[in-house]
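Peer 1: next input, structure requested:
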Amino acid sequence: CSYPVNGKFTKTQREVYEAVLEAKDTINSLVKPGVSWVEMHEKTEEILAKNLIEMGLLKGDLKEVVASGIPAVFMPHGLGHNLGLETHDIGGYPKGSTRATRPGLRSLRNVRTLKEGMVLTNEPGCYFIESE
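Peer 2: Numbers count the residues shown, from 1 in each chain. Down below sits the predicted model:
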């Protein structure tokens with residue numbers, strides 16, 4: 001979770017915080033056995049894109065923005081990772097699975113359909129990197 005150093009969000013900081021919180025809470029409500037972790041990542045990208053469009057930081061149709069891969073610019077990592085004996089436990093890529101090449105999805109540490117007893121982190125994020 002992120003907090004402003006001075007203790008008070010600007011309007012834009014609050015909107016970004018709320019977008020990430022919406023993504024986290026939505027995924028928490030959807031996760032259950034039988035759900036695809038890839039689909040949870042894609043849902044997160046959709047939620048972030050929707051909010052960035054509403055904030056005026058992105059322009060365009062939501063489906064087109066998501067399909068373009070732009071959300072991966074703002075969340076350049078996977079949604080989360082397995083937890084087990086190690087912090088970043090292995091096992092997210094079962095035998096025979098392949099890593100996606102699409103930005104965002106290629107950073108996933110888990111491409112499995114969720115099963116009872118699995119433990120994963122839910123870590124959406126929205127980053128703004130200054131360019132020169």
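
Peer 1: make it CA atoms for all contacts and neighbour counts henceforth
Peer 2: OK.

Peer 1: most residues in a single helix of this structure, which one?
Peer 2: helix 11-30 (DSSP state H).

Peer 1: what lies in contact with it?
Peer 2: Helix 11-30 has contacts (C-alpha atoms under 8 Å, 6 or more residues apart in numbering) with 2, 40, 43-44, 47-48, 51-52, 55, 122-126.

Peer 1: cool, and stretch 33-51?
Peer 2: Counting by C-alpha under 8 Å, 6+ apart, 15-16, 19-20, 22-24, 27, 30-31, 58, 62, 65-66, 71-72, 75, 78-79, 105, 108, 110-116, 124, 126 sit against stretch 33-51.

Peer 1: how about the CA coordinates for that stretch, as PDB?
Peer 2: Provided in PDB are the C-alpha atoms of stretch 33-51 (Å, rounded to 0.1, in the frame of the first residue of the first chain):
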ATOM      1  CA  PRO A  33     -11.000 -22.400  -7.000                       C
ATOM      2  CA  GLY A  34     -11.500 -22.800 -10.700                       C
ATOM      3  CA  VAL A  35     -10.600 -19.200 -11.600                       C
ATOM      4  CA  SER A  36      -7.800 -18.400 -14.000                       C
ATOM      5  CA  TRP A  37      -5.000 -16.300 -12.500                       C
ATOM      6  CA  VAL A  38      -4.300 -14.900 -16.000                       C
ATOM      7  CA  GLU A  39      -7.900 -13.700 -16.200                       C
ATOM      8  CA  MET A  40      -7.500 -12.100 -12.800                       C
ATOM      9  CA  HIS A  41      -4.500 -10.200 -14.100                       C
ATOM     10  CA  GLU A  42      -6.400  -9.100 -17.200                       C
ATOM     11  CA  LYS A  43      -9.300  -7.900 -15.000                       C
ATOM     12  CA  THR A  44      -6.800  -5.800 -13.000                       C
ATOM     13  CA  GLU A  45      -5.600  -4.200 -16.200                       C
ATOM     14  CA  GLU A  46      -9.100  -3.500 -17.200                       C
ATOM     15  CA  ILE A  47      -9.900  -1.800 -13.900                       C
ATOM     16  CA  LEU A  48      -6.800   0.300 -14.000                       C
ATOM     17  CA  ALA A  49      -7.400   1.400 -17.600                       C
ATOM     18  CA  LYS A  50     -11.100   2.300 -16.800                       C
ATOM     19  CA  ASN A  51      -9.900   4.500 -14.000                       C
END
